[in-house]
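Visitor: would you be able to build a 3D model of this:
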Amino acid sequence: MPDSTTSRVSLTLGSSIESVDTVEQTAEDFAQRAGFDADTVPNIVMAVREAAINAILHGNSYSPEKQFTASFETSSDGLTVRICDQGAGFDSSRLPDPLAPQNLLRGSGRGIFLIRAFMDEVHFRQLHPGTELTLIKHRAPAKPVA
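Guide: As a prediction, the model looks like this:
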């Protein structure tokens, strides 16, 4: 059952880099509203930014005919963000390891790695068309008082 901390918004945006700024600002607002600390908020924002860039660049190939959606939800458990593109989809298990020696000097290819590092859960789901990426950051449980 939702409580007073539950909040939701869904945005439908064009496949442009300007849309990333909107998603980034919304992520920051929701992360702060969810009560994450000053060290965690920028990590959440970075993960959401990377997901939005991937949707625009790799999913929608900057196509002006395609849009992506970004939905944000806070609850007593934490923050859930879903980014959906209209691309052909991809298999996340086939992503190259960004830490492999042959990939260390590459200028790209670390987005999913960063997303997984900064979020507690990351889920991919194939849509027809597109891919849905769900990012979840849990609130730390309260520590018992000694």
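Visitor: now the helices for the chain?
Guide: In the chain, the helices defined using DSSP state H lie at 17-33, 40-54, 111-118.
Visitor: quick one: mean pLDDT for the first one?
Guide: If I follow you right, that is helix 17-33. Helix 17-33 shows a mean pLDDT of 95 in the predicted model.
Visitor: next one: stretch 115-126
Guide: Rounded mean pLDDT across stretch 115-126 is 94.
Visitor: what residues sit buried inside it?
Guide: Buried residues in stretch 115-126, defined by neighbour count with 16 or more other Cβ atoms under 10 Å: 115, 118, 119, 122. The way it works is simple: take the backbone N, C-alpha and C, and place the C-beta from them, glycine included.
Visitor: wait, the first one touches residue 47, no?
Guide: This points to residue 115. Yes. Counting by Cβ atoms under 8 Å, residue 115 touches residue 47, with 4.5 Å between them.
Visitor: so which residue is dead centre in the chain?
Guide: residue 48 (3.3 Å; Cα atoms, centre = their mean).
Visitor: name the nearest residue to it, sequence neighbours excluded.
Guide: Of all residues beyond its chain neighbours, the one nearest residue 48 is residue 27 (3.8 Å), with distances taken as Cβ to Cβ, 6 or more residues apart in numbering.
Visitor: got the contact list for the one you found?
Guide: 44, 45, 48, 49, 72, 81 (Cβ atoms under 8 Å, 6 or more residues apart in numbering).
Visitor: which of these has the most neighbours?
Guide: residue 48 (29 neighbours; other Cβ atoms under 10 Å).
Visitor: quick check, pLDDT for it.
Guide: Residue 48 carries a pLDDT score of 98 in this model.
Visitor: so who does it touch?
Guide: Taking Cβ under 8 Å, 6+ apart, we find residue 48 in contact with 23, 24, 27, 70, 81, 83, 135.
Visitor: same question for residue 9.
Guide: Contacts of residue 9 (Cβ under 8 Å, 6+ apart): 26, 30, 71, 72.
Visitor: what do you get for residue 30?
Guide: Listed by Cβ under 8 Å, 6+ apart, the contact partners of residue 30 are 7, 9, 72, 73, 74, 79, 81.
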